[in-house]
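[1] Just to be clear, the model below is a prediction. Sequence and coordinates:
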Amino acid sequence: MTDNTLTKQIFIACRPETLFAFFTDPDKMIRWMGRQVLLETRIGGKFRIDLNGSDIAMGEYKELVPNERIVMTWGWERSKLVPPGSSTVEFKLAPQDDGTLLTLTHYDLPSAEEIASHAKGWTHFMGRLQTLAQGLGSGADSRPNGAMYDPAAN
C-alpha cells in the first residue's frame, strides 16, 4: 500500500494576509504560477491555470478561510491519470515568527511517479512564491516551459 499524499512546507517572510492574496488574486497568482490564470475565488468556483501553453491545471475551490487556508480540487486538462478534480490540494498559512509557515498537502495522487512529478513541480512553484511574496522577484519564470507536470507520461 502506498501513501498517495505529498506534503511540503516553506517559511515565507511575509504576513499571512500578504501570502493569501497570491492564491486569490489572478494578477498575483500569475506572477508565481502560470502564464494565464482564471480564478473564481469562492466556494464552488472554478480555476484554470495555463502553466506554459500546454499544461493546464483545473479544479474547484472547496474551502477558503481568509489568511488561513485554501482547499481546491486539482487535475490536468488532458490527463488520464490526474484529470481535473481527481486530487485535492490544501494550503495552510500559519503565522510564525515574522512571517508565515506555508504547508501544502496534495492528496489522492495515483502513483509514486505522480507524487514525485508533483513534488518537483510544487518545490519549484513554492520557491517562486516565496521569492515574490517576500518582494524579491519580478515574476519571470526561468524554468523551461514552466513545466510542473509531463502529460506525455500519461
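    Structure received.
[2] which residue ranges form the helices in the chain?
    Ranges of helices within the chain are 16-24, 26-32, 112-133, based on DSSP state H.
[3] Show the contacting residues for the residue nearest to residue 5 when sequence neighbours are not counted.
    In space, residue 5 comes closest to residue 107 once its chain neighbours are excluded; the distance is 5.2 Å by Cβ to Cβ, 6 or more residues apart in numbering. C-betas here are computed from N, CA, C, even on glycine. By Cβ atoms under 8 Å, 6 or more residues apart in numbering, the residues touching residue 107 are 4-5, 87-90.
[4] before we move on, what about residue 137?
    Contacts of residue 137 (Cβ under 8 Å, 6+ apart): 31, 128, 131.
[5] pretty sure the first one contacts residue 135?
    No - proximity of residue 31 to residue 135 does not meet the contact threshold set by Cβ atoms under 8 Å, at 11.3 Å.
[6] more crowded one of these two?
    Between residue 31 and residue 135, residue 31 has the larger neighbour count (other Cβ atoms under 10 Å), namely 21 against 9.
[7] I'd like the distance between the more buried one and residue 111.
    Distance of residue 31 to residue 111, computed by Cβ to Cβ, to the nearest Å: 31 Å.
[8] Likewise for residue 79?
    The value you get for residue 79 to residue 111, if Cβ to Cβ is used, is 12 Å.
[9] So for the two, which residue has more residues nearby?
    Between residue 79 and residue 111, counted using other Cβ under 10 Å, residue 79 has the larger neighbour count: 21 against 12.
[10] What are the phi and psi values at residue 108?
    phi 70, psi 30 (degrees, to the nearest 10).
[11] check contacts around it.
    Residue 108 neighbours (Cβ under 8 Å, 6+ apart): 4-5, 86-88.
[12] If we only consider the residues you listed, which is nearest to residue 119?
    residue 5 (11.0 Å; Cβ to Cβ).
[13] where do the strands sit along the chain?
    Along the chain, counting by DSSP state E, strands occupy 6-12, 36-39, 46-50, 56-65, 69-76, 87-96, 99-107.
[14] The first one pairs with which strands?
    Taking DSSP bridges as the criterion, strand 6-12 sits next to strand 99-107 (antiparallel) in its sheet.
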